[in-house]
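Undergrad: pasting a predicted model and its sequence here:
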There are 2 protein chains.
Amino acid sequence: MSKDDLVGLNKETHKYQSFVPPQPVYIISGASVVGEKEGEGPLGKLFDIVGDDVFFGGTNWEEAESALQKKSMELAITKAGINENELQLIFAGDLLAQSIASSFGLVNFSVPVIGVYGACSNSGLTLFLGAMALSAGIGDYVGCVTSSHFSSAEKEFRFPSAYGNQRPLSAHWTVTGSGAFILSKNKKENSIQLTGFTAGQIVDFGLKENLNMGACMAPAAADTIYRHFKDFEASPTDYDKIITGDLGRVGQKALLDLLSVNGYDISDRHIDCGIEIYDYELQDTHAGGSGCACSAVVLAGQILKNIREGIWKKVLFVPTGALLSKMSYNEGQSVPGIAHAVILEAG
Amino acid sequence: MSKDDLVGLNKETHKYQSFVPPQPVYIISGASVVGEKEGEGPLGKLFDIVGDDVFFGGTNWEEAESALQKKSMELAITKAGINENELQLIFAGDLLAQSIASSFGLVNFSVPVIGVYGACSNSGLTLFLGAMALSAGIGDYVGCVTSSHFSSAEKEFRFPSAYGNQRPLSAHWTVTGSGAFILSKNKKENSIQLTGFTAGQIVDFGLKENLNMGACMAPAAADTIYRHFKDFEASPTDYDKIITGDLGRVGQKALLDLLSVNGYDISDRHIDCGIEIYDYELQDTHAGGSGCACSAVVLAGQILKNIREGIWKKVLFVPTGALLSKMSYNEGQSVPGIAHAVILEAG
């Protein structure tokens, strides 16, 4: 979709593209494993495990990220009170080339693995596909896991962190962590229900900035949220919170503006996992957190908890992804975005 | 899964991990677009479009691959006799870092895109997820598309082809092409039915050869086919053909050996898309073809046709993927494999 289309957010061609599971589907457990910096942030106490070794027992950044994914998946299984062999499928994704954090993180599970790629929207994508699998009648339990690591991401997309490259204020700080979830059609205590999904189109406004991911992703978030409202005949006030994945401070402003000119004001109920996870004053993370882990660990650590406790009753969770590759970027291509929306409600 | 486990092919822990769609799901159209070399091969006349420009109108290899994907998806939609806006979802994958061939190939479709990553097993993975989506009640039509390009793949994983690097006889030749399919619950003339799936586990025998993908993938193919036979209480003779994606000549031998020692002889009915697509004597492609496009274009060009014509009644189609990344490879990691099995029958 081009910029011209998006000014009208596909209004002319709108078609129902959402999904409501015919039978209830629940998140029966969520687990979060993060690095030291995330543990020191405002949400630090809500995460299950805060590691004190940036390598998480590995010998390089990629092995560290695989270790994160293995650990969070194991913990989600334990918290669900099931055995690994009760899982029918694992949906998994990360940001590295050829998704190697997932490949090596999950190699020891005797469960089929479905690799996904939607950049930092992966957490929403895995929940969507997990709910789809259960709705199709595939098994009783499926797993969803995503990960990112600050140092593996900087190396993959920009400069190795050892170079000490300067970062503009629009840059994000990739979250080191992994969030994992077990979904089931069988409700358990404290389950959160997944009641609807709007999958994302690829949206390209033509931005060419690999240090301003928020601006690249905001049009996709606006498009998905707009289509979501239309599909569900919903309005912002139907949700206690509308929570994007990792737009950060620059992307948040663009999202609110884009939705506002298209008739939806979500400014009083929008929060962004990337803004929530770090302390802007103290942690020097500029626009905010990002990475596949950002929305995943905030979902596992904070969002599920607040819904369980009745603080929020209905949440629209919208992980956002920048479809950036250093190859396309160095060839002068733009950075398209994608966002997948998930409705979360108390079980 | 480790090598030790695989000698016994997970026999001790076997659990049903397959999927049979509760309602029939059909491939209602398939489209194939290939490069000049593929057009000169033994299957050349079966492909829909043979391009004579290696860039397919783009300015670099990555744009070429995106153009392939766009073209095959458009053609599959046309052949299905539907409009783009009747598609509910597109499942897409390729081999490039962050799946950029799919991102830029599909950016102009006003359809949500679900990115997948299972390396060259992507074609099986997209069919599995597409059937899952329709089985979950999502829409009437979904699209599945995968692509690869010899030059973008060599650049991504090994050496830019302009270097003229020598290739051992175990090396594969990445297929330049794209295969696209439209799935539906509504049967049309010449439809092929998707009657069952066995999703793949990640299987790692510890091989560290990026110029011997066949050996790296064979254990995964053996594992998936073995589990498939167990899950469906089937035997090789239940299938007219068992067709792997791109094991090539080295991988084929390993597959036949591994299954044989585990009680299944498939040697009289096994063929491999990578072996079929090029002429061994005339085309200098060593072990055979590979890439996401390999199994996809052979499916669209040859396999669907042979089933439609009654030459084969029931086929087990098993696209195979090597979970290789140049990052993990250069860090000394092994190359795990994955394979997804799909049962194809006359509609």
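TA: Nice, I can see it.
Undergrad: can you pull out the low-pLDDT segments for chain A?
TA: A:1-13 (pLDDT under 70).
Undergrad: how about 80 then?
TA: A:1-14 (pLDDT under 80).
Undergrad: so A:Cys273 makes contact with A:Thr244?
TA: Yes: between A:Cys273 and A:Thr244 there is a contact at 7.1 Å, judged by Cβ atoms under 8 Å. In short, each C-beta sits where N, CA and C put it, glycine included.
Undergrad: need the strands for the stretch 101-250 of chain A, in chain order.
TA: A:113-115, A:141-148, A:172-174, A:177-184, A:192-198, A:241-244 (DSSP state E, counting those that start in this stretch).
Undergrad: name the nearest residue to A:Ala221, sequence neighbours excluded.
TA: Leaving aside its chain neighbours, A:Ala221 sits nearest to A:Ala339 (4.4 Å; criterion: Cβ to Cβ, 6 or more residues apart in numbering or on different chains).
Undergrad: which ones are touching the one you found?
TA: Counting by Cβ atoms under 8 Å, 6 or more residues apart in numbering or on different chains, A:Ala339 touches A:121, A:124, A:200, A:217, A:220-221, A:223-225, A:244-245, A:318-321.
Undergrad: which of those residues fall in helices?
TA: Secondary structure assignment (DSSP state H) places A:Gly124, A:Met217, A:Ala220, A:Ala221, A:Asp223, A:Thr224, A:Ile225 from those within helices.
Undergrad: of the residues you listed, which is the most crowded?
TA: A:Met217 (38 neighbours; other Cβ atoms under 10 Å in any protein chain shown).
Undergrad: what about that residue, distance to A:Gly274?
TA: 10 Å (Cβ to Cβ, to the nearest Å).
Undergrad: quickly list what's touching both of those two.
TA: A:Asp246, A:Leu247, A:Gly251.
Undergrad: show me which of those are buried.
TA: Buried by 16 or more other Cβ atoms under 10 Å in any protein chain shown: A:Asp246, A:Leu247, A:Gly251, out of these.
Undergrad: ok so, going back, and which of the ones in helices among the contacts of A:Ala339 is nearest to chain B?
TA: A:Thr224 (8.6 Å; Cβ to the nearest Cβ).
Undergrad: ok, for the closest one, nearest residue in space, not its chain neighbours?
TA: Distance criterion Cβ to Cβ, 6+ apart; nearest residue to A:Thr224, sequence neighbours excluded, is A:Ala339 at 4.2 Å.
Undergrad: what is the one you found paired to in the beta sheet?
TA: A:Thr320 (DSSP bridges).
Undergrad: how close does it get to A:Ile242?
TA: Here the distance between A:Ala339 and A:Ile242 works out to 12 Å (Cβ to Cβ).
Undergrad: what do the two both touch?
TA: Residues touching both A:Ala339 and A:Ile242 (Cβ under 8 Å, 6+ apart): A:Ile225, A:Val318.
Undergrad: right, and A:Gly337 touches A:Thr224 too?
TA: No: the criterion here is Cβ under 8 Å, and A:Gly337 misses it with A:Thr224 at 9.5 Å.
Undergrad: would you mind finding the longest strand in chain A?
TA: The longest strand of chain A (DSSP state E) is strand A:25-34.
Undergrad: which element follows that one toward the C-terminus?
TA: Going down the chain from strand A:25-34, the next helix or strand is helix A:36-39, by DSSP states H and E.
Undergrad: buried residues in that following helix?
TA: Those would be A:Lys37, A:Glu38, A:Gly39, for helix A:36-39 by 16+ other Cβ under 10 Å.
Undergrad: excluding chain neighbours, what is closest to A:Gly30?
TA: Per Cβ to Cβ, 6+ apart, closest to A:Gly30 is A:Ala300, 3.6 Å.
Undergrad: before we move on, the earlier item: list residues touching both of A:Cys273 and A:Thr244?
TA: A:Ser295.
Undergrad: tell me the secondary structure of A:Glu65, please.
TA: Under DSSP: H, G, I helix; E, B strand; the rest coil, the three-state class of A:Glu65 is helix.
Undergrad: ok, now which ones touch it?
TA: A:Phe56, A:Asp94, A:Leu96, A:Ala101, A:Gly105, A:Ser147, A:Ser148, A:His149, A:Ser152, A:Ser178.
Undergrad: so which of those are in helices?
TA: Short answer: these in helices (DSSP H) are A:Ala101, A:Gly105, A:Ser152.
Undergrad: which among the residues you listed gets closest to chain B?
TA: Within the set of the ones in helices among the contacts of A:Glu65, A:Ser152 lies nearest chain B; the separation is 8.6 Å, counting by Cβ to the nearest Cβ.
Undergrad: quick revisit: out of the contacts of A:Glu65, which touch chain B?
TA: A:Leu96 (Cβ under 8 Å from any Cβ of the partner chain).
Undergrad: tell me the one of the contacts of A:Glu65 nearest A:Pro168?
TA: A:Ser148 (20.1 Å; Cβ to Cβ).
Undergrad: neighbours around the closest residue to the closest one other than its chain neighbours, how many?
TA: Distances taken as Cβ to Cβ, 6+ apart place A:Gly291 nearest to A:Ser148, at 3.0 Å, with adjacent residues excluded. Look at A:Gly291: counted by other Cβ under 10 Å, it has 32 neighbours.
Undergrad: what is the nearest of the ones in helices among the contacts of A:Ala339 to A:Ala136?
TA: Using Cβ to Cβ, the ones in helices among the contacts of A:Ala339 come closest to A:Ala136 at A:Gly124, 18.6 Å.
Undergrad: quick check: residues of the stretch 201-347 of chain A near chain B?
TA: A:201-204, A:323-328, A:331, A:333, A:336, A:338.
Undergrad: now, of these, which are buried?
TA: With burial judged by 16+ other Cβ under 10 Å, the buried subset of those is A:201-204, A:323-328, A:333, A:336, A:338.
Undergrad: most widely separated two among those residues?
TA: A:Gln201 and A:Lys326 (23.8 Å).
Undergrad: nearest to chain B: which residue in the stretch 151-300 of chain A?
TA: A:Ala199 (3.5 Å).
Undergrad: isn't A:Glu63 up against A:Phe55?
TA: Yes: in this structure A:Glu63 lies within contact range of A:Phe55 using Cβ under 8 Å: 7.1 Å.
Undergrad: those two: which has the busier surroundings?
TA: Each of A:Glu63 and A:Phe55 has its neighbours counted (other Cβ under 10 Å); A:Glu63 has more, 22 against 15.
Undergrad: measure A:Thr285 to B:Ser99 for me?
TA: 27 Å.
Undergrad: those two: which has the busier surroundings?
TA: B:Ser99 (28 against 24).
Undergrad: make sure that one is indeed in a helix.
TA: Yes: under three-state DSSP, B:Ser99 sits within a helix.
Undergrad: list the contacts of it.
TA: Per Cβ under 8 Å, 6+ apart, neighbours of B:Ser99: A:Tyr117, A:Leu323, B:Ala92, B:Gly93, B:Gly115, B:Tyr117.
Undergrad: repeat that for A:Gln69.
TA: Contact partners of A:Gln69, counting by Cβ under 8 Å, 6+ apart, are A:Ala92, A:Asp94, A:Ala101, A:Ser102, A:Gly105, A:Leu106, A:Val145, A:Thr146, A:Ser147, A:Ser178, A:Ala180.
Undergrad: you'd agree the fourth one is up against A:Gly93?
TA: The reference is to A:Ser102. Yes: proximity of A:Ser102 to A:Gly93 meets the contact threshold set by Cβ under 8 Å, at 6.1 Å.
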